[in-house]
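Asker: Predicted model, plus sequence, below.
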Amino acid sequence: TFGSMLSTPIINPPQSAILGVHATKDRAVVENGQIVIRPMNYLAMSYDHRIIDGREAVLGLVAMKEALEDPARLLFDI
């Protein structure tokens, strides 16, 4: 996307899924009882439910989220 905060990507035939990665913005979050600023963005995935089960799609999206939150795991295969 072009700097948008959130949108819904639309699949086009013959696609079975599409991932929207949105703009990264600084956000206030609570960590250990303290308000801190962290870079955050939204991931939005649309998929064809006739081909991909919702549970599997969510598990894939969660794995992607975890990899983005800890890139050292990807780089060093930890």
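Answerer: Noted; the coordinates are in hand. Residues are numbered from 1 along each chain as shown.

Asker: where do the strands sit along the chain?
Answerer: Taking DSSP state E, the strands of the chain run over residues 17-21, 25-31, 34-40, 43-47.

Asker: Adding mean pLDDT, mean neighbour count and distance to residue 72, write those strands out as CSV.
Answerer: C-beta coordinates here come from the backbone N, C-alpha and C atoms, glycine included. Converted to CSV, the strands of the chain look like this (pLDDT from 0 to 100; neighbours: other CB atoms under 10 Å; distance: least, CB to CB, whole Å):
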stretch, mean pLDDT, mean neighbour count, distance to residue 72
strand 17-21, 92, 15, 20
strand 25-31, 95, 10, 19
strand 34-40, 96, 10, 16
strand 43-47, 93, 17, 19
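
Asker: Using CSV, please lay out those strands together with distance to residue 68.
Answerer: Listed next are these as CSV, based on distance: least, CB to CB, whole Å:
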stretch, distance to residue 68
strand 17-21, 9
strand 25-31, 15
strand 34-40, 10
strand 43-47, 8
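
Asker: any idea how far the longest helix belonging to the chain is from the chain center?
Answerer: When secondary structure is assigned using DSSP state H, the longest helix within the chain turns out to be helix 54-69. Its chain's C-alpha centre and that of helix 54-69 lie 7 Å apart, by CA atoms, centre = their mean, to the nearest Å.

Asker: Next, the angle strand 34-40 makes with it.
Answerer: 110 degrees (axes from the mean of the first three to the mean of the last three CA atoms, to 10 degrees).

Asker: Report the contact partners of the residue sitting nearest the centre point of the chain.
Answerer: Using CA atoms, centre = their mean, the residue of the chain that lies closest to the mean C-alpha position is residue 43, 3.0 Å off. The contact partners of residue 43, by CB atoms under 8 Å, 6 or more residues apart in numbering, come to 19, 20, 21, 22, 61, 64, 65, 68.

Asker: of all the strands of the chain, which lies closest to residue 8?
Answerer: With distances scored as CB to CB, the stretch of these nearest to residue 8 is strand 43-47 (5.9 Å).

Asker: Phi, psi for the closest residue to residue 48 other than its chain neighbours please.
Answerer: Counting by CB to CB, 6 or more residues apart in numbering, the nearest residue to residue 48 once its immediate chain neighbours are dropped is residue 16, at 5.0 Å. When read as degrees, to the nearest 10, the backbone of residue 16 gives phi -110, psi -20.
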